[in-house]
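1. turn this into a structure:
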Amino acid sequence: MWRIIYIEKSDYLSLYLDNLKVRNGLDETTIPLSDINSIVIDNYATTITTSLITKCMEYKVNIICCDTYHLPAGIIIPYSGNYQSSSQLFKQVKWEDEILKFVWQQITKAKITNQARTLMLTDKHQEVINHLLKFIDEVELGDKTNREGLSAKMYFRELFGDHFTRHEDDTINASLNYGYSILRSMIARALVARGLNPHLGIFHRGPGNDFNLADDFIEVFRPIIDLWVHDNINLNDIFDREKRLSLINLMTKKISYNDKKVTIINAINILIDNFLSFIETGEVDKLIFPDVKTYDSI
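-> Numbers count the residues shown, from 1 in each chain. So this is what the prediction gives:
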């Protein structure tokens, strides 16, 4: 299983053969790059060598750098992640708008389904759950009536309380943002590995956003983070190292996907592969989405 390496106390990261060497004072640890999915650097005093960065790109290892608030501030991913990157790019720019509208409709339905599932798992009011279930049937091509936005307002208030507002400066929002950022980097890595350009999105098309396509696929996975935060975080908590590590480790938990239990990291890969199969074949049954509940083991 691929590992996510969290660096908090090390003062020097370097390359040793094809391994990450972590040095903290006199202590040294080596980890094969072939075993690593991502490296999260949460220490301003850490030094990382150019040779390690370059070799990480070769092994398709994400490097995530955190700010003084311990939130991911940037991602280093390979410029080219697949030998077919050029041909894939030519295909990507030709994706038909009507097909993308259909995909976004399905992503939105899956996201709202997982939001409703989250409310069920947390024993929230059935009336709100019924509203979300009704919204699923009302999602149109491209979600032009913004059922995603309407469901989000009801969902977050039901999950975290009537006074909860996204993007406030509190522990719940900090936890959500941290979890989403880790997820986003995992998705960006998987996209690049398949030769896809993360700038070119399905619905998200912000000219200043380098990860539009990642922000499309993340939507169905967000409720996984929401559920964990609901079950593990209170407003008065401090967003400490233990909680950050727990959110990182969440990526290795298993979820149900097409009646099988797979890790969240593998679910991301499967979803993108299924999407590409749909684009190539037009077979709607390729668009299968994961569930929200996590499991520790098979």
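
2. which residues in the stretch 101-250 of the chain form helices?
-> 126-138, 147-160, 171-193, 212-217, 222-232, 241-250 (DSSP state H, counting those that start in this stretch).

3. pick the most buried one from those.
-> helix 212-217 (a mean of 24; mean count of other C-beta atoms under 10 Å). Using the backbone N, CA and C atoms, a C-beta is placed for each residue, glycine as well.

4. alpha carbons of that one, as CSV, please.
-> Coordinates of each C-alpha in helix 212-217 appear next as CSV, following Å, rounded to 0.1, in the frame of the first residue of the first chain:
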residue,chain,number,x,y,z
ASN,A,212,-9.9,22.8,-12.1
LEU,A,213,-10.3,19.1,-13.1
ALA,A,214,-9.2,18.0,-9.6
ASP,A,215,-11.9,20.3,-8.2
ASP,A,216,-14.5,18.6,-10.3
PHE,A,217,-13.7,15.0,-9.1
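
5. other SSEs contacting that helix?
-> Under the contact definition 3 or more C-beta pairs under 8 Å, 6 or more residues apart in numbering; DSSP states H and E, helix 212-217 sits against helix 97-121, helix 171-193, helix 264-281.

6. switch the cut-off to 6 Å
-> Using 3 or more C-beta pairs under 6 Å, 6 or more residues apart in numbering; DSSP states H and E as the contact test, the elements touching helix 212-217 are helix 171-193.

7. okay, the lowest-mean-pLDDT helix or strand in the chain in PDB with CA atoms only?
-> Every helix and strand in the chain was compared by mean pLDDT, DSSP states H and E; the lowest is helix 85-92, with a mean of 79. In PDB, the C-alpha atoms belonging to helix 85-92 read as follows (Å, rounded to 0.1, in the frame of the first residue of the first chain):
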ATOM      1  CA  SER A  85       0.500  13.300 -22.200                       C
ATOM      2  CA  SER A  86       0.500  15.100 -25.500                       C
ATOM      3  CA  SER A  87      -2.000  12.800 -27.200                       C
ATOM      4  CA  GLN A  88      -4.200  12.800 -24.000                       C
ATOM      5  CA  LEU A  89      -4.100  16.700 -24.000                       C
ATOM      6  CA  PHE A  90      -5.300  16.800 -27.600                       C
ATOM      7  CA  LYS A  91      -8.200  14.500 -26.700                       C
ATOM      8  CA  GLN A  92      -8.900  16.500 -23.500                       C
END
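
8. related to what we said a few turns ago, closest to residue 11 out of the helices of the stretch 101-250 of the chain?
-> With C-beta to C-beta, the closest approach to residue 11 among these belongs to helix 241-250: 16.9 Å.
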